[in-house]
Every structure is written in C-alpha cells, then in structure tokens.
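Peer 1: Below are the sequence and a predicted model for it; my questions follow.
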Amino acid sequence: MNATAYTMSAISIFGFEVSGAILLMSLFFTLISLGANWRLFLKCDQPGWTAFVPGYNVVVAMRIIGRPDSHALLFLIPGYNVYFALRTMIELAQSFGKRTSLDYFLVVFFNVFYMLNLGLAYQEEYDGPVYGKLGLKKDKSSIGLSAA
C-alpha cells in the first residue's frame, strides 16, 4: 500500500473540500463566540446555557435589547436578515451604553471579539433594553423646567 493513501489533505463537506486548517480556525471562532455569548447572557441576567441552543439564543438576545420575541423570526427573511443582524448588533452595544460611531464600527466588523469584550470586561455594565426608547434621556433641568 501507498503511505499517502492514509493522509488527509482536505475534508469534503456537502460536496465542498475544506482544509483542516479552515476547520480548526472555524472551530476556534465558534468556541470563542459561544463563550462570549454565555458571559454576555449571564451579565444581562439571562441563563448562560441559552447561548448553546440554536434559535432560542436569538430569542434571548431579542429580550436583552428589548425587542419582542417574534422579531427573532426576521432573521429568516433572506436579504433582510443581513440588515437586521447589523441593527441587532448595534442595539446590543447600545444596551451596554456604547453609542459612538467607533463602537458601531467595532461591533459590526469585529463582532466576535467585541461581544467577548462586552461579556468579559468588568467595567462594562448592562444598562437595560434600548429598543423603542429615545437615545437621549430628557430631564426637567435640561428642557428649562424647574422644580419650584
């Protein structure tokens, strides 16, 4: 027998050949994102195990940002789901008080690591749901009313 018959250079998944390095890298990012979601859910007073349940973790994320549970179904609409995912990521960052353009850029382009930072950093605190609320809180002193 030939010794090269037992070596594996690529794995076939659904008819596509994928190298072992790509599989290891995607496994690495998957584990990091699951850990980030677990810590993020715990910080938002949600059960951590929900990060591992596909579909239900999206429902819990909708609860964290204050959206109705039914909005999780919007991820099933082709094309719109890309826009909705970006909007959801930004609203999640806003739930932690991140409202600058730099934060929006970082959450969109470095999502896994930004969520890991939100979940692991001790100084990051969950402010509460942001969906349907005004971006600026108004108090009586800022609009010229006095408490006479």
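Peer 2: That came in fine, so what should we check first? From a predicted model like this one, the values you see are computed outputs, not experimental measurements.
Peer 1: Which residue, neighbours along the chain excluded, lies closest to residue 34?
Peer 2: Nearest residue to residue 34 in three dimensions, chain neighbours excluded: residue 51, at 5.8 Å (Cβ to Cβ, 6 or more residues apart in numbering). From N, CA and C alone the C-beta is placed, and that goes for glycine too.
Peer 1: what does residue 115 give?
Peer 2: The shortest distance from residue 115 to any non-neighbouring residue, by Cβ to Cβ, 6+ apart, is to residue 36 (4.3 Å).
Peer 1: Can you name the residues that contact residue 116?
Peer 2: When contacts are counted by Cβ atoms under 8 Å, 6 or more residues apart in numbering, residue 116 touches 32-33, 35-36, 39.
Peer 1: what about the residue nearest to residue 115, which helix or strand?
Peer 2: Residue 36 belongs to helix 20-43 when assigned by DSSP states H and E.
Peer 1: heading toward the C-terminus, what's the first helix or strand past that helix?
Peer 2: helix 56-65.
Peer 1: Quick check: which helices or strands does that following helix pack against?
Peer 2: Judged by 3 or more Cβ pairs under 8 Å, 6 or more residues apart in numbering; DSSP states H and E, helix 56-65 is in contact with helix 20-43, helix 80-95.
Peer 1: model confidence over it, on average?
Peer 2: When pLDDT is averaged along helix 56-65, the result is 95.
Peer 1: do the same with stretch 33-47
Peer 2: The model assigns stretch 33-47 a mean pLDDT of 92.
Peer 1: now stretch 124-142
Peer 2: For stretch 124-142, the mean pLDDT works out to 68.
Peer 1: sorry, back to before: so what's the residue nearest to residue 34 up against?
Peer 2: Here residue 51 is in contact with 34, 37-38, 40-41, 57, 60 (Cβ under 8 Å, 6+ apart).
Peer 1: Throw the residues you listed into TSV and include neighbour count and distance to residue 81, thanks.
Peer 2: Output for the contacts of residue 51, formatted as TSV (neighbours: other Cβ atoms under 10 Å; distance: Cβ to Cβ, whole Å):
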residue	neighbour count	distance to residue 81
34	14	20
37	22	18
38	19	23
40	26	20
41	21	21
57	19	15
60	19	18
